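Visitor: model this:
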Amino acid sequence: MAFTIGCYRYDTTRALFDRTDVTVKTAATLPEIFERTVRDHEFDVAELGLTFYLRLLESGLPYVALPIFPNRVFRHSCVFVNKRSGITGPGDLVDRTIGEFGTYGQDSGVWAKGILMDEHGFAPARNRWVIGGLDRPAAPFGFVPHPHPDDVPVTTSDRALGDLLVTGEIDALFSANVPQCVLDGAPEVGRLFPDFEPLERDYHRRTGIFPIMHAMVIRRELLDAADEVYRLFTAALSSAADGYRRDRRLYQVPTMVPWMNALVERNEAQFGADWWPYGVSANRATLETYLRYHYEQGLSSRLWAVEEVFALPDT
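Guide: Below is the predicted model of the structure:
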């Protein structure tokens, strides 16, 4: 069957773009793919942020999620602070004004808040939340609902959150992307966890969780083809993994990133052969944790079970 697929061009999906039996489209940013999926139903199979999918699940979204996870990122690194705010650790995130890109509870924010709640006693209701664009003014995403608990104060800003962080008008920022002010080396801003890699590696060793941001969804009327789609994406993932394994002999020079080979060897030691497993069984703990966070943060009306959310539950 010839599918139209909408997804970002990751190393794990790159092989799909070279196939002739499917049509693969992408966009400059991921929210563009999400919006074209939700508003226009443009694709047969599409990448969609987990929180966007869950928010729309009860309202009859004509797509069903598959346990294919093209985007996974550890999120200790996604909390940025104004250095003059007095925030030197998680315990200082109390009675603060905090920005979040696009919506209260973007996938990166769901994970970061959840980890801080579990491990540092963080309480979102003890802060004021401001939603807006990251590096330029932007309204909250208009293609999804924006739930939040009544006791969590949420407002919107017509100014860029990165600018507000530099001036100290917000104390902290939860963001899926690195703000331009950080990339530019603005002295006023930094990360809550400057040395985040050891923390994220320790978190993974203790919990087994590699946070999932997005899943692929398929039109409900095409569910009979879900196994075929799963095989397509698994083959593309395997192509990427095989490339990294082959390139160990060449010190990963196809990327020309210094010390990339050392990074691949460290990851191989920590993750084993399968860095990005698909399927429910290999990801159950991660998925159940995310569904719990989504419910605890007031973004779901009830606690969803994994089997209610994903097709192919036996994978």
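
Visitor: tell me the domain ranges of this structure?
Guide: As recorded under automatic domain parsing, the domains making up the chain are 4-72+213-309, 76-205.

Visitor: which residues sit in contact with residue 220?
Guide: Contact analysis of residue 220 by CB atoms under 8 Å, 6 or more residues apart in numbering lists 62-64. In this view, the C-beta of every residue, glycine as well, is placed from N, C-alpha and C.

Visitor: hmm, 6 Å instead?
Guide: 62, 64 (CB atoms under 6 Å, 6 or more residues apart in numbering).

Visitor: next one: it, what pLDDT does it get?
Guide: pLDDT recorded at residue 220 is 96.

Visitor: cool, residue 40 as well?
Guide: 95.

Visitor: before we move on, back to that, closest to residue 315 out of the domains of the chain?
Guide: domain 4-72+213-309 (3.5 Å; CB to CB).

Visitor: that closest one: end-to-end distance?
Guide: 22 Å (CA to CA, to the nearest Å).

Visitor: quick one, strands of this protein?
Guide: Per DSSP state E, the chain carries strands over the ranges 4-6, 23-25, 45-49, 63-72, 79-82, 97-101, 128-132, 154-156, 172-174, 189-191, 212-219.

Visitor: tell me which of these sits nearest to residue 284.
Guide: With distances scored as CB to CB, the stretch of the strands of the chain nearest to residue 284 is strand 63-72 (9.7 Å).

Visitor: distance between that closest one and the chain's centre?
Guide: 11 Å (CA atoms, centre = their mean, to the nearest Å).

Visitor: next one: stretch 89-104
Guide: That offset, for stretch 89-104, works out to 18 Å (CA atoms, centre = their mean).

Visitor: mind listing what's buried in that stretch?
Guide: 90, 93, 96-104 (16 or more other CB atoms under 10 Å).

Visitor: going by distance to residue 193, which of the residues you listed wins?
Guide: Distance ranking of the buried residues of stretch 89-104 against residue 193, using CB to CB, places residue 90 first at 8.5 Å.

Visitor: all set now, cheers.
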